[in-house]
Structure formats: structure tokens, C-alpha cells
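> task: produce atomic coordinates for the following.
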Amino acid sequence: MKIDKFKVEEWFNKYEKEAIYDLADTCVESLTIDELLHIVGEREKCIEEIFSRKLNYGDIHGSDRLKVAIADMYENQSKENITITHGAIGANHLVMLSLVEPDDKIVSIIPTYQQHYSIPESFGGHVNLLYLKEENKWLPDLLELEKMVGNDTKLICMNNPNNPTGAVISDEMLYQIVEIAKKADAYILCDEVYRGLNHEGNPFSISIADIYEKGISTGSMSKVFSLAGLRLGWVAANEKVIEEINHQREYNTISVGILDDYFATLAVENKDKIIKRNIEKILTGKKILTDWAEKEPKVRLIVPNGGTTAFVHYDSPLSSTELCKCLQEDTGVMILPGETLELDKYLRIGYGNNFEQLKKALGIFSEWLSEN
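Predicted structure coming up:
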């Protein structure tokens, strides 16, 4: 199987180790095990449970306790609608493996995580790309989507809240997208790894799995829970889809780590405390970023409403790849070029980590822009 190079991941592999200031990171500051147990508030009990665990395979599809906790983040799901995966990256891959066959028609809304168009294309699917536009505040044009989705469309891939733009699709628009999918009897895969990090009101948008029988939600511990090191994610879908995913899953997963399952369970059961912590951090970082963007004449920003990233337009003759390469070589500031997400003249900036470094790095970037 031939597949395109994963542009975002290859950029990180090449530049992350040398960065002095990392503005490409998409996580809220990661929790330590000590901090997690402090949030849970039953430290001695947890430590006893950890040290008494046998390091066997554990529950193959994820522990019932974890699946029940995850299902509780949805309106209409039960543990039978959940399977546990190696991160959301494993969840998305398994969905594609289970659904996409050669010559299937797929519509992918981009910019997004490259899995959502490169993997189905590698399976022989025919992928049509619907580009989000800044003038639409990075929300999908539903008339354009309706034209792309035909009776032969197998799958629509999307991301809500969106990475990299931070746009959040409203409930009303989600229902309209479902109606478009229903006419084609198409599945919708919605990568919801930032679901739980809306900046205002309820931090959780409605899930595609709760409003559409053929809606498939993927999530993970990385963004919302600040536990990327667990490498644990999940799929929420109807039982028939979960059965097919579990069939494929036996070939590449068997089970996630038993301690990953345990720590993830603790975190999801204490989601309100962790999400409160993380949204406070996100809002702090967002203010730093938006204050900078308002004063910096060479950038333009649609303020994000969810997640941990913003997509910033810049004024320079350099391509985004050239700009980010030169910027890091000159200053040590790492930013992700929009070209890795299929849109040049934009930069993805993460703002959920180390606010003093964020302020300093943005100042350095402004100085560099004025000189270059």
C-alpha cells in the first residue's frame, strides 16, 4: 500500500527537537501522574490498585469501567457503542479500514488531520476535498458540500472543533450536514478529539454519533485530557460499525496497555475537573495570542472558538514552509506551516502551553517579520 507522506508528522520529526520555542504544539500542558492522582483525590487507593495490577493483556476491547465512563460523555451511547484504540490516530485508521474499499467516493472537509484524506486515497478511494475558507469563518459551505455529496458517496470526513482553525460547527449546522449525508445514505466520520474544549458555554458540542445512526465519533485522551502519553483513544458508533471495527482491530491492536486503560478511566471519571483546568489555560493562552494578533500588522486571525490552535494568515512573499524553516533557523521559534495542512500563507499556532514562552516567542516572531 502506497500512501502520501504525513506532512505534519514529518515536520515535527524534523524540527521539534531543535525548537527553543514550540508554538506548534496542540496539547494543553500535559498532566503528570502525580497531578492526575491529586485531581482524582484518592491517591493511596489508586497507588495500591496500580501496584496490584498484573501486566497482562487486560480487557481486549477496553475495560467496561472505561467504556461506561466514555459513553457518559455522549447523549445516546452505551458501552456497547464504544471500542478502545491506540489513540485517535488508531481510531480513525480503524474506521477507514472497516469502511473504505477501492473506488468508494469520499468527501473530506479540510484543512484537517491528513488521515482523513490520505488514508482513504491509499485504499483506492476517490477523495473530493471541500476547502474551508477564512471568509466563511472556517465553517463549511453547505451548498458546496451538497454538490459534492452524491448518491454514490460512501463517507464524509470532518473534524469538530476544527484543527487547525479552532472553528466550532453549531448544532444547527451539524443537523444540516446530517441531512445531506442521509440523502446519500453516507457515513459521517467526525474526528472529535477537541470535543470538550469549546471556549464558551457547554464545552461539549453535540456528537455526530448522537444525532445520526451512521455517525461515527473518534476521540482521545491527548487534547481534552492532557494525557497524550497514554496513547489511548476510542470510537463511538452504532453496534454494527463497532463490530466491524473490532473485527479489523484484532489484526493491529489486540488491546491497549492495561495501565493506559486505568489512568484514562480515572481521567474520564474526573472530566469536569480536568476540563475546567484546561479551558482556563486555553483562555489565558488565547488572550495572549489575540492581543498579539491585534497589534501585529502583518497577520490576520479569525479568533478560534474551540480547541487549542489558531490558523493565522501572514503577509509575506515567503511560502509558509520557507517562512517556518527560516524563522526557526534564525530564532528557534517553531510554528507549523499551513502547507502541511494543504493551505499556504497560513500558520498553525498552538496556545495551550507555557504562557511566558508564548509571549516571548510571539514577540520574537514580530521582530523577525518586521526584519524579513
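
> from now on I want contacts and neighbour counts done on CA atoms only, so please keep to that.
Will do.

> I'd guess residue 156 is in a strand, am I close?
Yes. Counting by DSSP: H, G, I helix; E, B strand; the rest coil, one finds residue 156 located in a strand.

> my guess is it contacts residue 110. True?
No. Checked against C-alpha atoms under 8 Å, the pair residue 156 and residue 110 is beyond contact range at 11.3 Å.

> looking at the nearest residue to residue 355 once chain neighbours are set aside now. What's its pLDDT?
Nearest non-adjacent residue to residue 355, counting by C-alpha to C-alpha, 6 or more residues apart in numbering: residue 285, 6.2 Å away. What the model reports as pLDDT for residue 285 is 98.

> tell me the helix or strand right after the helix or strand where residue 285 lies.
Assigned by DSSP states H and E, residue 285 belongs to helix 271-295. Sequence order places strand 299-301 as the next helix or strand after helix 271-295, per DSSP H and E.

> can you get me the start-to-end distance on stretch 65-84?
Distance across stretch 65-84, first residue to last, is 12 Å (C-alpha to C-alpha, to the nearest Å).

> average model confidence for it?
98.

> quick revisit: contacts for the helix holding residue 285, please.
28, 39, 196-197, 199, 224-226, 267, 299-301, 303, 308, 351-353, 355, 358-359, 362 (C-alpha atoms under 8 Å, 6 or more residues apart in numbering).

> how about the helices of the stretch 101-250 of the chain, start to end?
Assigned helices in the stretch 101-250 of the chain, in chain order: 115-122, 142-148, 171-184, 208-211, 239-249 (criterion: DSSP state H, counting those that start in this stretch).

> out of these, which gets nearest to residue 327?
helix 115-122 (27.4 Å; C-alpha to C-alpha).

> need the contact partners of the closest one.
Contacts for helix 115-122 (C-alpha under 8 Å, 6+ apart): 1-4, 89, 92-93, 96, 100, 106, 108, 126-127, 129, 157-158.

> could you flag which of these are buried?
Buried residues within the contacts of helix 115-122, counting neighbours by 16 or more other C-alpha atoms under 10 Å: 89, 92, 93, 96, 100, 106, 108, 126, 127, 129, 157, 158.

> which of these lies closest to residue 218?
Among the buried ones among the contacts of helix 115-122, residue 92 lies closest to residue 218 (C-alpha to C-alpha), at 6.7 Å.

> if we can go back for a sec, determine which two of the buried ones among the contacts of helix 115-122 are furthest apart.
89 and 126 (21.1 Å).

> Provide a list of residues in contact with residue 176.
Here residue 176 is in contact with residue 142 (C-alpha under 8 Å, 6+ apart).

> residues contacting the closest residue to residue 232 other than its chain neighbours?
Among residues not flanking residue 232 along the chain, residue 87 sits closest, at 4.0 Å (C-alpha to C-alpha, 6+ apart). Residues counted as contacts of residue 87 (C-alpha under 8 Å, 6+ apart) are 219, 220, 221, 222, 231, 232, 233, 234.

> can you pick the most crowded of those residues?
In terms of neighbours by other C-alpha atoms under 10 Å, the contacts of residue 87 top out with residue 220 at 31 neighbours.

> and it, what's its pLDDT?
98.

> so what's it closest to, chain neighbours aside?
Using C-alpha to C-alpha, 6+ apart, the nearest residue to residue 220 is residue 233, at 3.8 Å.

> ok, the closest residue to residue 103 other than its chain neighbours - how many residues close by?
Computed as C-alpha to C-alpha, 6+ apart, the closest residue to residue 103 that is not its neighbour in sequence is residue 125, at 4.8 Å. Residues within reach of residue 125, counting by other C-alpha under 10 Å, total 19.

> I'd say residue 125 and residue 106 touch.
Yes. Using C-alpha under 8 Å, residue 125 is in contact with residue 106, at 6.8 Å.

> between the two ends of stretch 311-330, how far is it?
22 Å.

> try stretch 64-83
First residue to last in stretch 64-83 (C-alpha to C-alpha) measures 10 Å.

> what's it in contact with?
Residues outside stretch 64-83 that contact it (C-alpha under 8 Å, 6+ apart) are 61-62, 84, 206-207, 209-210, 234-239, 242, 246, 261-262, 264-265, 268-269.

> from those residues, which land in strands?
If you go by DSSP state E, the contacts of stretch 64-83 have 84, 234, 235, 236 in strands.

> how about the nearest residue to the third one, chain neighbours excluded?
With C-alpha to C-alpha, 6+ apart as the criterion, residue 235 has its nearest non-adjacent residue at 4.6 Å, and that residue is residue 218.

> burial of that neighbour, as a residue count?
Neighbour tally, residue 218, other C-alpha under 10 Å: 30.

> wait, it touches residue 92, no?
Yes. Here residue 218 lies in contact with residue 92, judged by C-alpha under 8 Å, at a distance of 6.7 Å.

> overlap in contacts of these two?
residue 191.

> quick one: least confident of the contacts of helix 115-122?
residue 1 (79).

> for the closest residue to that residue other than its chain neighbours, give its distance to residue 98.
Closest residue in space to residue 1, ignoring its immediate chain neighbours: residue 122 at 6.6 Å, by C-alpha to C-alpha, 6+ apart. According to C-alpha to C-alpha, residue 122 and residue 98 sit 14 Å apart.

> drop anything exposed from the contacts of helix 271-295.
Counted by 16+ other C-alpha under 10 Å, the contacts of helix 271-295 give 28, 39, 196-197, 199, 224-226, 267, 299-301, 303, 308, 351-353, 355, 358-359, 362 as buried.

> okay, and which of those map to strands?
Short answer: the buried ones among the contacts of helix 271-295 in strands (DSSP E) are 299, 300, 301.
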